[in-house]
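S.K.: mind looking at a prediction? Sequence and model below.
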Number of protein chains: 2
Amino acid sequence: MTSDYLSKLNAFLDQHSYGSRPPELYEPIYYTMSMGGKRMRPLLCLLAYSLYRDNYEKALPAAAAVEVFHNFTLLHDDIMDQAPLRRGKPTVHERWSTPVAILSGDVMMVKAYDLLLDLDHRHPVPLIRKFNVTAAEVCEGQQIDMNFEQRATVSVEEYLDMIKLKTAVLLGYSLWSGAFLAGASHRDCDTLYDLGVAMGIGFQLTDDLLDVFADQAKFGKQVGGDIISNKKTYLLIRALEDASEAQKKNMQSWLEQKEFDKAVKVEAVTQIYKELGIEEKTRSLISSYFDKAFNLASHLQVNSETSLVLRNYMEELIGRDH
Amino acid sequence: MTSDYLSKLNAFLDQHSYGSRPPELYEPIYYTMSMGGKRMRPLLCLLAYSLYRDNYEKALPAAAAVEVFHNFTLLHDDIMDQAPLRRGKPTVHERWSTPVAILSGDVMMVKAYDLLLDLDHRHPVPLIRKFNVTAAEVCEGQQIDMNFEQRATVSVEEYLDMIKLKTAVLLGYSLWSGAFLAGASHRDCDTLYDLGVAMGIGFQLTDDLLDVFADQAKFGKQVGGDIISNKKTYLLIRALEDASEAQKKNMQSWLEQKEFDKAVKVEAVTQIYKELGIEEKTRSLISSYFDKAFNLASHLQVNSETSLVLRNYMEELIGRDH
């Protein structure tokens, strides 16, 4: 049911001009934007708009703005994480260079603001103001995530706060901006923002879960990648909190081991997760966030027929197994 | 005469809050902003505003925005150039790390937009739209400058176009935004923009000139630094264009030499510049840009008394010898 939205969005993105000269600056933007992805953020923006008005084409520049901003953060994050690949393709800093990746990312952020101005809305200031708050929070989340890598322990609370900033607030803004553009009430705008944040946290926790418990046949990446790299995911943090002394010692020894057989490590750590019921605990936490999101959706001042497309899309995101 | 402006601007910048948590993200912004500098761009913004209205305090957020943006570009440029020092202090990527420098630069750009919104002006869209155009051009200029490093030859025309983008357009925008905020006519806004661009090109050419022909006692950096690093400045480009075959051969051998005595190279290349009259040619070109700027100033629809502070400040910038 979202295919109409997606095809109009992709048509809009495909025909959008970011600039051309010098090519080293602009080609990485077209390259990054053409990598695809789920387009979750812009779709949420358009679906929120459609709750209140018919002509969702009017919100396409806002939808494109959040997608361009999101892709800008991926581009810069990949430099910071020294990631060689993104969606199976060489990252910009690998294919071009780090200076090019920094600079084309910078100009991409400018282009996100340009798209917000293209809306020609009567109230651009609150739209951009909240975008700024969100953009700063996403940067804060990324910095906190990098800080976690240097720390021995992270609490569940700290972790949830980090993924809220790094991932969830942009989903909140995407929904908020669509509703705001359509002239929804403040209350509905705020409800949709909270809905997006709850969805975003549930979504990131699902990412963490799938990394360990996905079906390898359906999963695009290697199952267990986070275990191999000692990534501080919800699963690891929760397991360390819940572990007995013996289990903790066992986990610590895997975390500290410099040389190991990857498959053996993944199996061993997964085994501890199973003993501790981490899969169930994570699924339960995810459900609580998704339940919250659906509960918020039911409080919107729209009829249930109108909100069906949004609710179906939420179901789709929730049900993913890869 | 600009000291009142400068002290109010610095007071505004000193009390401005960019954010605080996590400290790794925000401390580099305070660090960068406290390094000082000439504050040329924000002063131009305030002086342009003062041509049309008295209460220039109203334009302080716009002045701060261009200064924050300028410092953001320095922060990211220093990563790209792998510069260890900025104004005698360790650069952000040296003192913290490259990821921190990328990310705090990103959030700094967001904060520049925030300052533009703080103005609460009736027409924020044209103000931000032109800021976006300028910001993208500054990135384009930086990329073209990096491209020049990889090229054997660069023409004078290409070089002037690069410094226009990398340096001059932001001076143009600074003046333009001040006038725009004060409600100046379109014609005056555009005239001030052109004036800033002409000043900016003249200013960058002065930088190039001083690197070779400054009085070492007054000059903060090492005289001849650009010669040592083979930087493609106006002086080098013009010299290569004007040189005889013998002089060209001599210059090329210095450009290709991997090991050399720095003082000997600086003296040898300076000698060729002298033979070719490069100092005079550069001074003449600089004068043509500054003359253009003063000519544009005389076309503004303000009385000569009102424009005295701006013209005095332009004289001050023009007359610098360090």
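M.R.: On my side now, so go ahead.

S.K.: need the phi and psi values for the residue of the stretch 201-322 of chain A found nearest chain B.
M.R.: Of all residues in the stretch 201-322 of chain A, A:Lys232 sits closest to chain B, with a separation of 15.4 Å (C-beta to the nearest C-beta). (Each C-beta comes from the backbone N, C-alpha and C, glycine too.) When read as degrees, to the nearest 10, the backbone of A:Lys232 gives phi -80, psi 80.

S.K.: can you pull the contacts of it?
M.R.: Residues near A:Lys232 by C-beta atoms under 8 Å, 6 or more residues apart in numbering or on different chains: A:148-149, A:154, A:159.

S.K.: JSON lines please, covering those and showing secondary structure, neighbour count and pLDDT.
M.R.: Compiled in JSON lines, the contacts of A:Lys232 are given as follows (DSSP: H, G, I helix; E, B strand; the rest coil; neighbours: other C-beta atoms under 10 Å in any protein chain shown; pLDDT from 0 to 100):
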{"residue": "A:Phe148", "secondary structure": "helix", "neighbour count": "16", "pLDDT": "96"}
{"residue": "A:Glu149", "secondary structure": "helix", "neighbour count": "12", "pLDDT": "93"}
{"residue": "A:Val154", "secondary structure": "coil", "neighbour count": "19", "pLDDT": "97"}
{"residue": "A:Tyr159", "secondary structure": "helix", "neighbour count": "22", "pLDDT": "98"}
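
S.K.: of all those residues, which two lie farthest apart?
M.R.: Using C-beta to C-beta, the contacts of A:Lys232 span at most 12.6 Å, a distance reached by A:Glu149 and A:Tyr159.

S.K.: and the stretch 101-250 of chain A, which residues reach chain B?
M.R.: Within the stretch 101-250 of chain A, the positions near chain B by C-beta under 8 Å from any C-beta of the partner chain are A:102-107, A:109-111, A:113-114, A:117, A:120, A:124-125, A:128-129, A:132, A:135-136, A:139-140, A:142-144, A:146-147.

S.K.: go with 6 Å
M.R.: With C-beta under 6 Å from any C-beta of the partner chain as the criterion, the stretch 101-250 of chain A meets chain B at residues A:102-103, A:106-107, A:110, A:113-114, A:117, A:124-125, A:129, A:132, A:135-136, A:139-140, A:142-144, A:146.

S.K.: show me where the stretch 51-200 of chain A has strands.
M.R.: A:85-86, A:89-90 (DSSP state E, counting those that start in this stretch).

S.K.: what helix or strand is the residue nearest to A:Ser155 when sequence neighbours are not counted located in?
M.R.: Sequence neighbours aside, A:Ile237 is the residue nearest to A:Ser155 in space, at 7.2 Å (criterion: C-beta to C-beta, 6 or more residues apart in numbering or on different chains). Secondary structure assigned from DSSP states H and E places A:Ile237 in helix A:234-242.

S.K.: any idea how far that helix is from the chain center?
M.R.: Relative to its chain's centre, helix A:234-242 lies at 22 Å (C-alpha atoms, centre = their mean, to the nearest Å).

S.K.: what residues sit buried inside that helix?
M.R.: If you call a residue buried by 16 or more other C-beta atoms under 10 Å in any protein chain shown, then helix A:234-242 has these buried ones: A:234-240, A:242.

S.K.: pull up the gap between the residue nearest to the spatial centre of chain A and chain B, please.
M.R.: The centre of chain A sits closest to A:Thr167, judged by C-alpha atoms, centre = their mean, with a distance of 4.4 Å. A:Thr167 sits 16 Å away from chain B when distances are taken as C-beta to the nearest C-beta, to the nearest Å.

S.K.: ok, A:Glu158 next?
M.R.: For A:Glu158, the distance to chain B (C-beta to the nearest C-beta) stands at 11 Å.

S.K.: ends of stretch A:271-284, how far apart?
M.R.: Stretch A:271-284 has an end-to-end distance of 19 Å (criterion: C-alpha to C-alpha, to the nearest Å).

S.K.: rounded mean pLDDT for it, please.
M.R.: Mean pLDDT, computed over stretch A:271-284, is 97.

S.K.: for that stretch, buried residues please.
M.R.: When burial is assessed from 16+ other C-beta under 10 Å, stretch A:271-284 yields the following buried residues: A:272-273, A:276, A:278, A:281-282.

S.K.: ok, stretch A:139-157 next?
M.R.: Buried residues in stretch A:139-157, counted by 16+ other C-beta under 10 Å: A:139-148, A:154.

S.K.: ok, stretch A:249-267 next?
M.R.: Buried residues in stretch A:249-267, defined by neighbour count with 16+ other C-beta under 10 Å: A:250-251, A:254, A:265-266.

S.K.: one more: stretch A:74-83?
M.R.: Buried residues in stretch A:74-83, counting neighbours by 16+ other C-beta under 10 Å, are found at A:74-80.

S.K.: could you dump the buried residues of stretch A:249-267 into CSV with secondary structure and pLDDT added?
M.R.: Rendered in CSV, the data for the buried residues of stretch A:249-267 read as follows (DSSP: H, G, I helix; E, B strand; the rest coil; pLDDT from 0 to 100):
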residue, secondary structure, pLDDT
A:Asn250, helix, 95
A:Met251, helix, 95
A:Trp254, helix, 96
A:Lys265, helix, 96
A:Val266, helix, 96
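
S.K.: is it true that A:Gln204 touches A:Ile163?
M.R.: Yes. Under the criterion of C-beta atoms under 6 Å, A:Gln204 is in contact with A:Ile163, at a separation of 4.4 Å.

S.K.: just give me the closest of the buried residues of stretch A:74-83 to chain B.
M.R.: Sorting the buried residues of stretch A:74-83 by how near they are to chain B, with C-beta to the nearest C-beta, puts A:Met80 at the top with 3.8 Å.
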